[in-house]
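A.B. asks: Here is my input; please provide its structure:
(chains A and B)
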There are 2 protein chains.
Amino acid sequence: MAEENTAPTVGVALLGMGTVGREVLRILGEAEQDFTARIGGRLEVRGVAVSDLTKPRDGVDAALLTDDALSLVKRDDIDLVIEVIGGIDYPRTVVLAALKAGKSVVTANKALVAAHADELSEAADSSGADLFFEAAVAAAIPVVGPLRRSLAGDKVNQVMGIVNGTTNFILDAMDKRGASYDEMLAEATELGYAEADPSADVDGYDAASKAAILASLAFHSPVTSDDVHCEGIRDITAEDISAAKAAGCTVKLLAICERLVDESGAESISARVYPTLVPLSHPLASVSESFNAIFVVAEYAGRLMFYGNGAGGAPTASAVLGDVVAAARNVVHGGRAPGMSTYANLPIADFGEVRTRYHVDMTVQDRPGVLAEVASTFAANTVSIKTVRQEEHSEGARLVVITHHAAERALESTVDALKKLDAVKNVRSVIRMEGN
Amino acid sequence: MAEENTAPTVGVALLGMGTVGREVLRILGEAEQDFTARIGGRLEVRGVAVSDLTKPRDGVDAALLTDDALSLVKRDDIDLVIEVIGGIDYPRTVVLAALKAGKSVVTANKALVAAHADELSEAADSSGADLFFEAAVAAAIPVVGPLRRSLAGDKVNQVMGIVNGTTNFILDAMDKRGASYDEMLAEATELGYAEADPSADVDGYDAASKAAILASLAFHSPVTSDDVHCEGIRDITAEDISAAKAAGCTVKLLAICERLVDESGAESISARVYPTLVPLSHPLASVSESFNAIFVVAEYAGRLMFYGNGAGGAPTASAVLGDVVAAARNVVHGGRAPGMSTYANLPIADFGEVRTRYHVDMTVQDRPGVLAEVASTFAANTVSIKTVRQEEHSEGARLVVITHHAAERALESTVDALKKLDAVKNVRSVIRMEGN
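C.D. replies: Coordinates of the predicted model:
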């Protein structure tokens, strides 16, 4: 106790009292002595910013509450700011003000970091404050730290992850139960996995923010969410899932960050989010329910995977508090973590030049010559076919083509040409395949 | 280029030119500009210590070679020491001298860290140098960093890992091919996975060193390899593996670090290495070949897993170089990473009090009443039976009992009593079960 009282104190401002904010406060209270020992100083929460002061807040001294986050973070007795508000514009203003005032910031806000990493890290660099955001990607799964720190002596070539628990829950349930997207979305909403407006999850925007952050860290280059090609899972049908099974695959919404190298050796970055067929033998295929996993391929380390809870109050708070310990240690002992490293400054590749494989599912006329017409359409667009499966279908024949690697642009022109063929009644779905 | 020439320089001493040392040099050469950009300073290898100066060393300036590591690390132009020699006593002397002289040390030497972490970190603390050892556990898989840093705001309750690639290769091959231990050890030796003297691997000592390091980090307490209960895989037979299969399991050599809590709430640490039955549904069961994986259960983060290459020149060099970047950044910019944190100082639990489940495989007389005798022997020793399987066997009947959780001490006395029964011809094997 004596030690605790003489230890230096770090003044903390907590912004936001949602699920994560409440967990942060609870854990800070429960494990106070551990934090003091690990930091070499005592954390003291000196202000809690909320949007609505009239709402009852259990377990928080009412004197700490304020609805003026901006004034709070500038106070002299605040050394460290924890931002768990969400949104972009308001937290941006507050976090920038805090960093400019030399206060270290720990944020769980992926949208903010994905949109404004450059500006925020510039503010942190100029004042010497720390900016940490482990919780912004896959909550408690350490991936920001490993990319920033552990792999700092390696060359990362690919990061491929299941980084959205809601969509993984939906796709996994569709796969295991043969249910439709709408049924499983309804269940996810009922269970609290999906928001009332599920767009950020099911349209891939949440994953796209994380892809931007991962690509930026992996390739030491500035990447924002605007640089990420993003497609969601709304159009995935039970029929797509069973077609995936027939191909020995499952469907996952992946965030994919790749280092591309052209013939001249010039490097660029592809960051993209879309539903993909993943072979069952791939480690990502067995990531079930709302779990997250990030698969990394590095030049020297080889294949790595990080797996765990990618969301939820306690796991997110765990990641936030790991950063809080690091930031508080620096407040007490001096020193600063490396800032965002964007020296490589690689350009974003044109999405049309990204190469992957495709699972193309068509309904075609059931007559001789159709397969030849379809095959020559692929060939004319320089897309090479790997496997073909044809079966009877109520509306004609069903033809499923899996291609070799081809450029997005070539695939797009192939599909345009297929749609113009009389032989092709419709192109039911085109889903990419990754992970082999 | 101009930037490179004006950047501050960090003088590096490399100790050891084995597989890892050569990879470290190669990568430092290949990615020089990346290291400079990530560090904000240039790494310059100013000396390479080897034991035999007469051996040809490709790709190293002969003027850098020395067989006097101790003098090298004390030189004024050395800021950072990379130790990849192996062994304990000699590197201990050299690393201590380096740390006392204020030189930061990056080591891949698990045996050294597991035996002398206390002494080494004390030396580092008193001179303000950094001591890093990510490569000492599971090579390129970031696990030291996540435990030290990412989970610093959490409470780790269990770390369970496959941390030895050689034994995992042998056990996995025995499982997949139904081969014997001796056959697969011979193959592992031929493939270069196992040393000519395989004892460090197959007797579990290598895993025990890693268990000590993991337990120490996870529980913020001093744990050395002497504190680890260690059993190897030499006695695992093809029959054990098929019995495991019959129980829906596979056999893995696990390093297990657990926080134990007694009825009074007092905490202690169990660190142990032994072959165990792991249910096929557990993520560790599917870790094949020579891959490593570490499974962590934390109070708030929940279940996490880290997977990848746990050995080999390039993966180990990747981990070493991640640490080199961090240490060199601190040399250039000031600051220091947190030292070993042992404030919790939890005692090591008596192995007899550790509780787990057991798979007991016996040959018994094939006559009425035997099962009752066996069952009452378990009951008399307060070991509760979960399942029993009896089948015909050439030498009598085979009886396989799987228990509920029981203390090691109770199990031991049960087995002693079983051996004294006339009804029990022999207790073929007792293998623990973990991971449910």
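A.B. asks: residue ranges with poor pLDDT in chain A?
C.D. replies: In the prediction, chain A carries residues with pLDDT under 70 at positions A:1-5.
A.B. asks: Please repeat the previous calculation with a cut-off of 50.
C.D. replies: For chain A, the stretches with pLDDT under 50 are A:1-4.
A.B. asks: can you list the domains in it?
C.D. replies: The domain map for chain A lists A:2-139+A:314-333, A:144-310, A:351-433, with the assignment taken from automatic domain parsing.
A.B. asks: got those domains as a markdown table, with mean neighbour count and distance to chain B columns?
C.D. replies: Any C-beta I mention is one placed from the backbone N, CA and C, and that applies to glycine too. Compiled in a markdown table, these are given as follows (neighbours: other C-beta atoms under 10 Å in any protein chain shown; distance: least, C-beta to the nearest C-beta, whole Å):
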| stretch | mean neighbour count | distance to chain B |
| --- | --- | --- |
| domain A:2-139+A:314-333 | 20 | 2 |
| domain A:144-310 | 21 | 2 |
| domain A:351-433 | 17 | 22 |
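A.B. asks: can you tell which of these is closest to B:Tyr90?
C.D. replies: Of all the domains of chain A, the one in closest proximity to B:Tyr90, counting by C-beta to C-beta, is domain A:144-310 (25.4 Å).
A.B. asks: closest to B:Leu421 out of the domains of chain A?
C.D. replies: domain A:144-310 (43.9 Å).
A.B. asks: Could you give the separation of that closest one from the chain centroid?
C.D. replies: With C-alpha atoms, centre = their mean, to the nearest Å as the basis, domain A:144-310 stands 7 Å off its chain's centre.
A.B. asks: related to what we said a few turns ago, including distance to B:Ala138, could the domains of chain A go into TSV?
C.D. replies: Listed next are the domains of chain A as TSV, based on distance: least, C-beta to C-beta, whole Å:
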stretch	distance to B:Ala138
domain A:2-139+A:314-333	20
domain A:144-310	10
domain A:351-433	31
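A.B. asks: can you map out the strands along the stretch 151-300 of chain A?
C.D. replies: If DSSP state E, counting those that start in this stretch is used as the criterion, the strands of the stretch 151-300 of chain A fall at A:156-162, A:229-230, A:249-261, A:267-279, A:291-298.
A.B. asks: now for the last one, which elements pack on it?
C.D. replies: So the one you mean is strand A:291-298. Taking 3 or more C-beta pairs under 8 Å, 6 or more residues apart in numbering or on different chains; DSSP states H and E as the contact definition, the neighbouring helices and strands of strand A:291-298 are strand A:156-162, helix A:165-177, strand A:302-309.
A.B. asks: B:Gly87: which of those is closest?
C.D. replies: Checking these against B:Gly87 by C-beta to C-beta gives strand A:302-309 as the closest, at 26.4 Å.
A.B. asks: Contacts for the closest one, please.
C.D. replies: When contacts are defined by C-beta atoms under 8 Å, 6 or more residues apart in numbering or on different chains, strand A:302-309 is touched by residues A:138-143, A:146, A:165, A:283-284, A:287, A:290-298, A:315, B:140-142, B:283, B:301-309, B:312, B:314-315.
A.B. asks: mind listing what that strand pairs with, with the direction of each?
C.D. replies: strand A:291-298 (antiparallel), strand B:302-309 (antiparallel) (DSSP bridges).
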